[in-house]
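Asks: give me coordinates for this.
(one chain, ligands or ions: 2)
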Amino acid sequence: LDKDDVVLKTTGLEKAFGGLVATDDVSIEVERGTITGMIGPNGAGKSTLFNLISGFYENDAGHVTVNGEDVTDLEPHERVRKGLVRTFQTPRRLEGMSVREAMLVGPGPQKGESVFSLFFSGSDVTEEERANIEQTRELLERFEIGHLIDQPSTDLSGGQMKLVELARAFTTNPDILLLDEPVAGVNPTLANDIKRFIRELNEEGQTFLIIEHDMPIIMDLADPIIVLDQGKVLMEGSPDEVRSDDRVIEAYLGG
Ligand code: ADP
Ligand code: MG
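Replies: Ligands and ions are numbered 1, 2, ... in the order given. Next comes the predicted model:
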């Protein structure tokens, strides 16, 4: 791959928890414009790799680059500013916040100045704040949850929370969006909606790296697919190549 076509790259990433090597010399590239899938049996190290890429875990060795820039030493919120945004397998509920407020905090652990200025500025809403509120409304409508804008986020169903999480991820216009099991625990109707949103966004140019347990969904959405097993990259290929690879079948059966 030409380096300009690579949004995200990891080189020799390593992470151990005590004696357990959860990420073992992982070097991957995500090409701009793709929906790249990531699969692997339970405990393969998928979420750990996401945590290393997004800066929530500190790595033992290796590098992460975004658009060719080394972000290995940056905090999660600094990586967000470089265009790398992730969602969580289990979205954290934002206690005491409405959907609107959660949206205005944006993705990841951020300082939330925009929210505080919004709370305390009374009627003196600045141009920027007005634009943020408008963007929030548009994003929620795009994900067909505009009607939830004033709901307390603690009142949402798991599926609705996933959609809010997805909408929040877009508040910063990411170059690459990492989704950890976007349809896990979501009812089939909503899962199909989420799949449709991902596909539409991708057609508009959004790059994704998606961990997903649901095989039919990830095989249908993603190309290429990276297979992790025991912390290592087992293989990478098209859905057909992955489906018919003996090592993949063995990893799942043996797991
Ligand atoms: P996956 O997402 O593929 O199911 P994980 O990345 O969650 O796998 O876990 C990979 C391995 O690392 C597992 O054996 C898991 O128990 C271990 N692990 C993950 N996070 C931690 C942690 N914070 N502390 C200790 N062990 C961990
Ligand atoms: Mg996981």
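Asks: mind showing which ranges of the stretch 101-250 of the chain have poor pLDDT?
Replies: For the stretch 101-250 of the chain, applying pLDDT under 70 flags the ranges 108-125.
Asks: next one: stretch 237-248 to chain centre, how far?
Replies: What separates the centre of stretch 237-248 from the centre of its chain is 24 Å, taken as C-alpha atoms, centre = their mean, to the nearest Å.
Asks: stretch 176-183 now?
Replies: Using C-alpha atoms, centre = their mean, the offset of stretch 176-183 from its chain centre is 3 Å.
Asks: begin at 59 from here
Replies: With 59 as the first residue, the last one maps to stretch 234-241.
Asks: which other residues reach it?
Replies: 65-66, 88, 104-105, 108, 111-112, 124, 141-147, 220, 224, 227-228, 248-249, 252-253, 256, 264-272, 275 (C-beta atoms under 8 Å, 6 or more residues apart in numbering). Heads up, the C-betas are built off the backbone N, CA and C, glycines and all.
Asks: what sits against the residue of the chain found nearest ligand 2?
Replies: Among the residues of the chain, Ser105 lies closest to ligand 2, at 3.3 Å counting by C-beta to the ion. By C-beta under 8 Å, 6+ apart, the contact list for Ser105 reads Gln147, Asp238, Ile269.
Asks: before we move on, what about Phe114?
Replies: By C-beta under 8 Å, 6+ apart, the neighbours of Phe114 are Phe108, Pro134.
Asks: follow-up on the earlier one: tabulate the contacts of Ser105 in TSV, adding columns for secondary structure.
Replies: As requested, these are arranged in TSV below (DSSP: H, G, I helix; E, B strand; the rest coil):
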residue	secondary structure
Gln147	coil
Asp238	strand
Ile269	strand
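Asks: most neighbours among these, which one?
Replies: Most neighbours among these, by other C-beta atoms under 10 Å: Ile269, with 25 neighbours.
Asks: Ala225 versus that one, what's the distance?
Replies: Noted for Ile269: a distance of 19 Å to Ala225, by C-beta to C-beta, to the nearest Å.
Asks: if anything else comes up later, I'll come back, but that's it for now.
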